[in-house]
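Colleague: fold the stuff below for me.
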Amino acid sequence: MGDSVSVTFLDLPNPIQPVQTTITEDGRVTSLPFGVTVQAAGKTPSQVQDAIHDALVPKYFVRLTAAVKTAENRFYFVGGEVKIPNRQVYQGDMTVLRAIDTAGGFTDFASRKNIELRRANGGKFTINYYKAQENPKLDLPVYVNDKITVQKKKPLGIF
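Modeller: Here you go, the predicted model:
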């Protein structure tokens with residue numbers, strides 16, 4: 001969800017403009033010709049191409065090939081108490097702990113028990129590094145435009 005895609009329509013006698021759109025929160029590709037929408041969540045680009053084809057042929061076109069391409073640069077963000085805070089190129093199959101490693105690991109001031117994961121859709125999770133190492137199910141997946149923030153340790157004593 002939230003990924004940008006480009007849909008190009010081929011094999012038409014009268015070409016139509018490519019569509020640049022974003023996959024909606026409910027996982028659909030919208031803005032297609034004739035108000036057509038198709039489900040994209042959980043599908044490969046090839047499966048989305050087939051769904052677009054099936055939605056438009058033969059109702060609107062005799063023959064059509066849809067080419068779906070995801071945006072070239074997709075990122076997630078790692079910040080806070082990591083050695084190299086920055087955006088990282090999303091290449092799929094990423095988890096919070098691996099994302100922290102891509103950012104150079106923790107600084108000396110990092111709170112390993114208070115790692116915040118904010119989803120692009122507004123969801124928020126707190127990850128405990130130690131528990132996530134023991135139980136991989138707690139090492140949540142990272143998606144495009146997610147933001148990971150490693151919080152600073154709380155100071156000892158009362159100031």
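
Colleague: the most centrally placed residue in the chain: what's it in contact with?
Modeller: Computing the C-alpha centroid of the chain and ranking residues by Cα atoms, centre = their mean puts Val144 first, at 2.4 Å. The neighbours of Val144, taking Cβ atoms under 8 Å, 6 or more residues apart in numbering as the test, are 2-3, 74-76, 90, 120. (C-beta placed from N, C-alpha, C; glycine too.)

Colleague: those, buried ones only, as a ChimeraX selection?
Modeller: To isolate the buried ones among the contacts of Val144 in ChimeraX, judged by 16 or more other Cβ atoms under 10 Å, type:
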select :2,3,74,76,90,120
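
Colleague: what about Gln49, distance to Thr65?
Modeller: Going from Gln49 to Thr65 by Cβ to Cβ, to the nearest Å gives 8 Å.

Colleague: and the strands in this protein?
Modeller: 4-10, 19-22, 28-29, 38-39, 65-70, 75-80, 86-89, 94-95, 110-118, 124-127, 141-142, 147-152 (DSSP state E).

Colleague: other SSEs contacting the last one?
Modeller: Same thing as strand 147-152. strand 75-80, helix 96-102, strand 110-118 (3 or more Cβ pairs under 8 Å, 6 or more residues apart in numbering; DSSP states H and E).

Colleague: give me the distance from the longest helix anywhere in the chain to the chain's centre.
Modeller: In the chain, assigned by DSSP state H, the helix with the most residues is helix 45-56. Helix 45-56 sits 21 Å away from the centroid of its parent chain (Cα atoms, centre = their mean, to the nearest Å).
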